[in-house]
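>>> my questions concern the predicted model and sequence given below.
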Amino acid sequence: MKTLTTQQANIINEAAFQADIELRSYSGRAMYGSSCLGVSGSERDSARFLIVLAQQDYDLASDLVDSLRTDSLGMGIITYFTNIGSEGIVADEDDEDDEEN
């Protein structure tokens, strides 16, 4: 899995903000507990995120597309990128629980 620089993580977060989507950590099929970067919602949400990201950093967007996978989530899908970890991009769920208390 590719380790992102702080600048790349910031670019991904900014693209998600501009595309109005939420990034999440996801462990897909055959990942055996490893987590990667994911975008839940519709195919349109994922496409909008990738377009905005490509406008900011084409090479980084290309890296994501190279490892793009999808899974069904009932009414929507999750698009996940198996070669990009979520560390430094998505807050750990444990951290979010701590913030709520």
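Cool, the structure landed. Residues are numbered from 1 along each chain as shown.

>>> please name the residues that touch Gly76.
Gly76 makes contact with 40-42 under the criterion Cβ atoms under 8 Å, 6 or more residues apart in numbering. (Each C-beta comes from the backbone N, C-alpha and C, glycine too.)

>>> mark which of the residues you listed are buried, thanks.
Buried members of the contacts of Gly76, scored by 16 or more other Cβ atoms under 10 Å, are 40-41.

>>> now render the contacts of Gly76 as TSV, adding pLDDT and secondary structure.
Shown next, in TSV, are the contacts of Gly76 (pLDDT from 0 to 100; DSSP: H, G, I helix; E, B strand; the rest coil):
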residue	pLDDT	secondary structure
Ser40	84	strand
Gly41	82	strand
Ser42	82	coil
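
>>> out of the contacts of Gly76, the closest to Ile89 would be?
The closest of these to Ile89 turns out to be Ser40 (Cβ to Cβ; 14.3 Å).

>>> the closest one reaches Arg24, doesn't it?
Yes - counting by Cβ atoms under 8 Å, Ser40 touches Arg24, with 5.9 Å between them.
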